[in-house]
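Peer 1: show me the folded form of this:
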Amino acid sequence: MKKNILIIISIITFAPLSFTTLKFNVLNFNKRNTGTIGDVKYSILNPEQFVMVNGDGWVLLDGKKIDFESGLYKLLHTTGHSNVIPEGKLPNGDGVFIRGIDTNENDHYGDTDKGRIVGSFQEDAIRNITGSFLGSNPNQQSYVTGSFSSQSFDQGDHNSWARANNRGTKINFDASKSKGIKVANENRPKNINLYIYIKINEPN
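Peer 2: Alright, predicted model coming up:
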(Lines give C-alpha, C1' and ligand atoms only; values in the text may rest on other atoms or scores of the structure.)
Protein backbone atom coordinates (compact mmCIF):
# COMPACT_ATOMS: atom_id res chain seq x y z
CA MET A 1 0.00 0.00 0.00
CA LYS A 2 2.80 2.41 0.83
CA LYS A 3 4.41 1.90 -2.57
CA ASN A 4 1.19 2.80 -4.36
CA ILE A 5 0.80 6.02 -2.41
CA LEU A 6 4.34 7.10 -3.20
CA ILE A 7 3.85 6.53 -6.95
CA ILE A 8 0.65 8.62 -7.04
CA ILE A 9 2.31 11.50 -5.21
CA SER A 10 5.26 11.47 -7.65
CA ILE A 11 2.98 11.71 -10.70
CA ILE A 12 0.93 14.53 -9.24
CA THR A 13 3.94 16.63 -8.30
CA PHE A 14 5.96 15.92 -11.52
CA ALA A 15 3.26 16.78 -14.09
CA PRO A 16 2.74 20.43 -13.01
CA LEU A 17 6.50 20.99 -13.14
CA SER A 18 6.66 19.82 -16.78
CA PHE A 19 3.76 22.07 -17.76
CA THR A 20 5.34 25.05 -16.00
CA THR A 21 8.65 24.50 -17.82
CA LEU A 22 6.93 24.29 -21.25
CA LYS A 23 4.88 27.42 -20.59
CA PHE A 24 8.00 29.30 -19.48
CA ASN A 25 9.87 28.41 -22.71
CA VAL A 26 7.01 29.51 -24.97
CA LEU A 27 6.59 32.83 -23.20
CA ASN A 28 10.31 33.58 -23.50
CA PHE A 29 10.63 32.96 -27.27
CA ASN A 30 10.09 36.68 -27.95
CA LYS A 31 13.15 37.59 -25.90
CA ARG A 32 15.48 36.09 -28.53
CA ASN A 33 17.06 38.30 -31.17
CA THR A 34 18.39 36.51 -34.26
CA GLY A 35 20.07 37.79 -37.40
CA THR A 36 21.31 41.21 -38.49
CA ILE A 37 19.85 43.90 -40.75
CA GLY A 38 19.61 42.70 -44.35
CA ASP A 39 19.54 39.00 -43.48
CA VAL A 40 16.98 36.86 -45.33
CA LYS A 41 15.48 33.69 -43.85
CA TYR A 42 13.26 30.94 -45.15
CA SER A 43 10.84 29.52 -42.58
CA ILE A 44 7.88 27.18 -42.19
CA LEU A 45 6.60 29.47 -39.40
CA ASN A 46 3.92 32.08 -40.10
CA PRO A 47 4.74 35.73 -39.22
CA GLU A 48 3.32 35.56 -35.68
CA GLN A 49 5.19 32.36 -34.86
CA PHE A 50 8.38 33.60 -36.53
CA VAL A 51 8.56 36.74 -34.37
CA MET A 52 8.02 34.65 -31.23
CA VAL A 53 11.17 32.66 -32.02
CA ASN A 54 13.40 35.21 -33.78
CA GLY A 55 12.42 38.50 -32.14
CA ASP A 56 11.26 41.79 -33.63
CA GLY A 57 12.66 43.55 -36.69
CA TRP A 58 11.67 40.90 -39.26
CA VAL A 59 9.05 41.36 -42.00
CA LEU A 60 7.88 39.31 -44.96
CA LEU A 61 9.82 39.88 -48.18
CA ASP A 62 6.60 40.69 -50.06
CA GLY A 63 7.20 43.96 -51.92
CA LYS A 64 5.69 46.23 -49.29
CA LYS A 65 7.03 49.74 -48.62
CA ILE A 66 9.10 50.09 -45.44
CA ASP A 67 9.63 53.15 -43.27
CA PHE A 68 12.45 55.46 -44.36
CA GLU A 69 13.51 55.44 -40.72
CA SER A 70 14.05 51.69 -40.71
CA GLY A 71 17.56 50.41 -40.17
CA LEU A 72 17.67 48.70 -43.58
CA TYR A 73 16.68 51.79 -45.55
CA LYS A 74 19.10 54.02 -43.64
CA LEU A 75 21.96 51.58 -44.22
CA LEU A 76 21.33 51.29 -47.97
CA HIS A 77 20.71 55.03 -48.38
CA THR A 78 23.83 56.17 -46.52
CA THR A 79 26.02 53.71 -48.45
CA GLY A 80 24.63 54.76 -51.84
CA HIS A 81 22.58 51.62 -52.53
CA SER A 82 19.02 52.85 -52.02
CA ASN A 83 18.23 51.63 -55.57
CA VAL A 84 18.04 48.13 -54.07
CA ILE A 85 14.71 49.16 -52.51
CA PRO A 86 13.44 51.97 -54.79
CA GLU A 87 11.01 54.29 -53.00
CA GLY A 88 11.47 52.10 -49.94
CA LYS A 89 9.79 49.06 -51.53
CA LEU A 90 11.23 45.67 -50.63
CA PRO A 91 11.81 43.05 -53.34
CA ASN A 92 8.77 40.82 -53.72
CA GLY A 93 9.56 37.17 -53.02
CA ASP A 94 5.95 35.96 -53.31
CA GLY A 95 5.82 32.90 -55.55
CA VAL A 96 9.29 33.37 -57.08
CA PHE A 97 12.61 31.55 -56.74
CA ILE A 98 15.70 33.22 -55.28
CA ARG A 99 18.74 33.33 -57.60
CA GLY A 100 22.32 33.95 -56.49
CA ILE A 101 23.70 37.26 -57.76
CA ASP A 102 26.16 37.02 -60.66
CA THR A 103 29.59 38.13 -59.45
CA ASN A 104 31.03 37.73 -63.01
CA GLU A 105 33.61 35.26 -61.70
CA ASN A 106 32.26 32.32 -63.70
CA ASP A 107 30.50 33.18 -66.95
CA HIS A 108 29.59 29.54 -67.65
CA TYR A 109 27.12 29.42 -64.74
CA GLY A 110 26.38 33.13 -64.52
CA ASP A 111 23.16 35.06 -65.03
CA THR A 112 22.63 35.87 -68.72
CA ASP A 113 21.24 39.27 -67.72
CA LYS A 114 24.47 40.98 -66.71
CA GLY A 115 24.63 43.90 -64.30
CA ARG A 116 21.40 43.18 -62.42
CA ILE A 117 20.81 45.09 -59.18
CA VAL A 118 20.56 42.84 -56.12
CA GLY A 119 16.91 42.15 -55.34
CA SER A 120 15.77 42.93 -58.90
CA PHE A 121 13.02 40.90 -60.59
CA GLN A 122 13.69 38.76 -63.67
CA GLU A 123 10.90 37.55 -65.97
CA ASP A 124 10.50 33.84 -66.65
CA ALA A 125 11.96 32.35 -69.83
CA ILE A 126 12.91 29.04 -71.42
CA ARG A 127 15.69 28.10 -73.81
CA ASN A 128 14.70 28.18 -77.45
CA ILE A 129 12.88 25.13 -78.83
CA THR A 130 13.55 24.24 -82.46
CA GLY A 131 12.38 21.49 -84.78
CA SER A 132 11.99 20.46 -88.40
CA PHE A 133 9.83 18.42 -90.77
CA LEU A 134 9.78 17.32 -94.40
CA GLY A 135 7.41 19.26 -96.66
CA SER A 136 4.95 19.17 -99.55
CA ASN A 137 3.68 15.59 -99.13
CA PRO A 138 -0.13 15.52 -98.57
CA ASN A 139 0.36 12.47 -96.35
CA GLN A 140 2.68 14.42 -94.07
CA GLN A 141 1.71 12.39 -90.98
CA SER A 142 4.49 9.88 -91.64
CA TYR A 143 7.19 12.59 -91.52
CA VAL A 144 6.47 14.34 -88.21
CA THR A 145 7.53 13.22 -84.72
CA GLY A 146 7.65 14.42 -81.13
CA SER A 147 5.95 17.77 -80.57
CA PHE A 148 4.84 18.07 -84.21
CA SER A 149 1.53 16.87 -85.62
CA SER A 150 -0.06 17.31 -89.04
CA GLN A 151 -3.49 17.73 -90.59
CA SER A 152 -4.25 17.29 -94.31
CA PHE A 153 -6.48 19.64 -96.34
CA ASP A 154 -8.11 19.31 -99.76
CA GLN A 155 -10.11 21.69 -101.96
CA GLY A 156 -13.28 21.12 -99.99
CA ASP A 157 -11.80 22.54 -96.79
CA HIS A 158 -12.29 26.18 -95.84
CA ASN A 159 -8.61 26.98 -96.21
CA SER A 160 -7.28 29.45 -98.78
CA TRP A 161 -3.93 27.70 -99.15
CA ALA A 162 -5.62 24.32 -99.79
CA ARG A 163 -8.02 25.80 -102.34
CA ALA A 164 -5.18 27.38 -104.29
CA ASN A 165 -2.96 24.28 -104.26
CA ASN A 166 -5.59 21.51 -104.41
CA ARG A 167 -4.21 19.76 -101.34
CA GLY A 168 -2.04 20.72 -98.39
CA THR A 169 -0.92 19.84 -94.85
CA LYS A 170 -1.08 21.92 -91.70
CA ILE A 171 1.83 21.33 -89.28
CA ASN A 172 1.12 21.90 -85.56
CA PHE A 173 3.50 22.19 -82.62
CA ASP A 174 2.51 21.13 -79.07
CA ALA A 175 5.25 20.51 -76.48
CA SER A 176 2.88 18.44 -74.32
CA LYS A 177 2.86 15.73 -77.01
CA SER A 178 6.56 15.02 -76.45
CA LYS A 179 7.19 11.95 -74.32
CA GLY A 180 7.88 12.72 -70.65
CA ILE A 181 7.08 16.45 -70.94
CA LYS A 182 4.84 18.01 -68.26
CA VAL A 183 3.29 21.37 -69.12
CA ALA A 184 1.62 24.12 -67.08
CA ASN A 185 0.81 27.81 -67.44
CA GLU A 186 4.24 28.69 -65.97
CA ASN A 187 7.84 27.45 -66.04
CA ARG A 188 8.94 25.86 -62.75
CA PRO A 189 11.13 23.13 -61.22
CA LYS A 190 9.90 20.77 -58.50
CA ASN A 191 9.54 22.83 -55.34
CA ILE A 192 8.14 23.41 -51.86
CA ASN A 193 6.85 26.78 -50.67
CA LEU A 194 8.06 28.57 -47.54
CA TYR A 195 7.77 32.01 -45.96
CA ILE A 196 10.61 34.45 -46.80
CA TYR A 197 11.55 37.06 -44.18
CA ILE A 198 14.02 39.95 -44.18
CA LYS A 199 15.36 41.82 -41.18
CA ILE A 200 14.88 45.58 -41.50
CA ASN A 201 15.40 46.75 -37.89
CA GLU A 202 17.27 45.88 -34.71
CA PRO A 203 14.92 45.64 -31.70
CA ASN A 204 15.01 48.63 -29.35
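
Peer 1: quick check: pLDDT value at the residue lying closest to Asn92 once chain neighbours are set aside.
Peer 2: Sequence neighbours aside, Gly63 is the residue nearest to Asn92 in space, at 3.0 Å (criterion: CB to CB, 6 or more residues apart in numbering). For the C-beta atoms, the positions are set from N, CA and C on the backbone; glycine is no exception. Looking at Gly63, its pLDDT is 95.

Peer 1: who touches Gly63 in this structure?
Peer 2: Applying CB atoms under 8 Å, 6 or more residues apart in numbering, we find Gly63 in contact with Lys89, Leu90, Pro91, Asn92, Asp94.

Peer 1: switch to 10 Å and redo it
Peer 2: Gly63 makes contact with Lys89, Leu90, Pro91, Asn92, Gly93, Asp94, Phe121, according to CB atoms under 10 Å, 6 or more residues apart in numbering.

Peer 1: tell me the secondary structure for Leu72?
Peer 2: Applying DSSP: H, G, I helix; E, B strand; the rest coil to Leu72 yields a three-state assignment of helix.

Peer 1: show me the contacts for it.
Peer 2: Leu72 touches 37-39, 57, 59, 66, 84-85, 88, 90, 198-201, counting by CB under 10 Å, 6+ apart.

Peer 1: nearest to Gln49 among these?
Peer 2: Val59 (14.3 Å; CB to CB).

Peer 1: count of residues packed around the closest residue to that closest one other than its chain neighbours?
Peer 2: Spatial nearest neighbour of Val59, excluding adjacent residues (CB to CB, 6+ apart): Ile200 at 5.8 Å. Residues within reach of Ile200, counting by other CB atoms under 10 Å, total 22.

Peer 1: domains in the chain, by residue range?
Peer 2: 40-95+193-199, 140-177 (automatic domain parsing).

Peer 1: thinking again about what came up before, could I get the contacts of Gly63 as TSV with distance to Thr78, secondary structure and neighbour count?
Peer 2: Shown next, in TSV, are the contacts of Gly63 (distance: CB to CB, whole Å; DSSP: H, G, I helix; E, B strand; the rest coil; neighbours: other CB atoms under 10 Å):
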residue	distance to Thr78	secondary structure	neighbour count
Lys89	18	strand	12
Leu90	18	coil	20
Pro91	20	coil	20
Asn92	24	strand	15
Gly93	25	coil	21
Asp94	29	coil	11
Phe121	25	coil	11
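
Peer 1: of the residues you listed, which one scores lowest on pLDDT?
Peer 2: Phe121 (92).

Peer 1: residue contacts, that residue?
Peer 2: Taking CB under 10 Å, 6+ apart, we find Phe121 in contact with Gly63, Pro91, Asn92, Gly93, Val96.

Peer 1: hang on, isn't Ile192 packed against Ile44?
Peer 2: Yes: Ile192 lies in contact with Ile44 (CB atoms under 10 Å); the separation is 9.3 Å.
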